[in-house]
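K.L.:
Here is a sequence together with a model predicted from it:
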Amino acid sequence: MNIPAAQAWRILEAAERICSADVVSDAIVRLAQEISAEMRDGCPVVLGVMRGSVFFSGQLLPLLRFPLEFDYLDVTRYGGATAGGAITWKVTPGTPVAGRAVLVLDDILDEGHTLAAIRDHVLHAGAQQVLTAVLADKDIGREKPIRADFVGITVPNRYVFGCGMDVRGAWRNLPEIYAMKEEG
């Protein structure tokens, strides 16, 4: 969705910064160490979930200390909306995953439906193991259909953006995480 620049700036100016760039960077370094310790003896397929994982993947991949193959997939429940809908598959991975360990990278674990569907799809394609890493895990106050194996930051149950997460298509490029102004 193409948001006018003036509207994007108003959203950012009204938003609350909930996570600084330093905290995000420290979390990614910690995740790289945890993932490297777990996966160092293999050569997994690492799948970035487009578009949200671009920021996270770009920061994390140079810090991983093991051989890997990188590919991506494009699946969404949001489109241009701020609430999740039906899962839409746009691109499936081109790299065969049968018999392989797979690490899925995503920006946020919100309600968990998208990541659970991705895990199930990759397992159905024959992956030997599927691990998941998310930059942010939203504390929604209820059980999710999947828990990420590696979590960088826990964020409150608000609409958040920055670090790969967008608001109406904008602000994925921010090095911090912001929460939309709460109505009320």
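P.N.:
In hand now; what should we look at?
K.L.:
Could you use CA atoms for every contact and neighbour count after this?
P.N.:
Noted.
K.L.:
residues in contact with the helix or strand bottoming out on mean pLDDT in the chain?
P.N.:
Across the helices and strands of the chain, mean confidence by mean pLDDT, DSSP states H and E is lowest for strand 88-91: a mean of 86. Strand 88-91 has contacts (Cα atoms under 8 Å, 6 or more residues apart in numbering) with 72-77.
K.L.:
Using CSV, list the CA coordinates for it.
P.N.:
Taking C-alpha atoms only, strand 88-91 is exported to CSV below (Å, rounded to 0.1, in the frame of the first residue of the first chain):
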residue,chain,number,x,y,z
THR,A,88,-1.6,-16.0,1.0
TRP,A,89,1.4,-17.8,-0.5
LYS,A,90,3.2,-15.7,-3.1
VAL,A,91,6.5,-17.5,-3.5
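K.L.:
for the protein, what spans make up the helices?
P.N.:
Under the criterion DSSP state H, the chain contains helices at 5-14, 21-39, 53-60, 113-124.
K.L.:
nearest to residue 107, of those?
P.N.:
Residue 107 lies closest, by Cα to Cα, to one member of the helices of the chain: helix 53-60, at 4.8 Å.
K.L.:
Figure out how far that closest one is from the centre of its chain.
P.N.:
Helix 53-60 sits 8 Å away from the centroid of its parent chain (Cα atoms, centre = their mean, to the nearest Å).
K.L.:
Identify each buried residue in it, please.
P.N.:
Using 16 or more other Cα atoms under 10 Å as the test for burial, helix 53-60 gives 53-57, 59-60.
K.L.:
Pick the most deeply packed of the helices of the chain.
P.N.:
Burial of these is given as mean neighbour count (mean count of other Cα atoms under 10 Å); helix 53-60 ranks first at a mean of 21.
K.L.:
Contacts for that helix next, please.
P.N.:
28-29, 31-32, 48, 105-107, 135, 163-164, 172-173.
K.L.:
quick check, nearest of those residues to residue 40?
P.N.:
For those, the nearest to residue 40 is residue 32 (10.8 Å; Cα to Cα).
K.L.:
Can you pull out the low-pLDDT segments for this structure?
P.N.:
Residues of the chain meeting the criterion pLDDT under 70: 1, 77-85, 183-184.
K.L.:
In this structure, what residue spans correspond to strands?
P.N.:
16-19, 45-50, 69-76, 88-91, 101-109, 129-138, 150-155, 160-161, 177-179 (DSSP state E).
K.L.:
Run me through the strand neighbours of the fourth one, direction for each.
P.N.:
If I follow you right, that is strand 88-91. strand 69-76 (antiparallel) (DSSP bridges).
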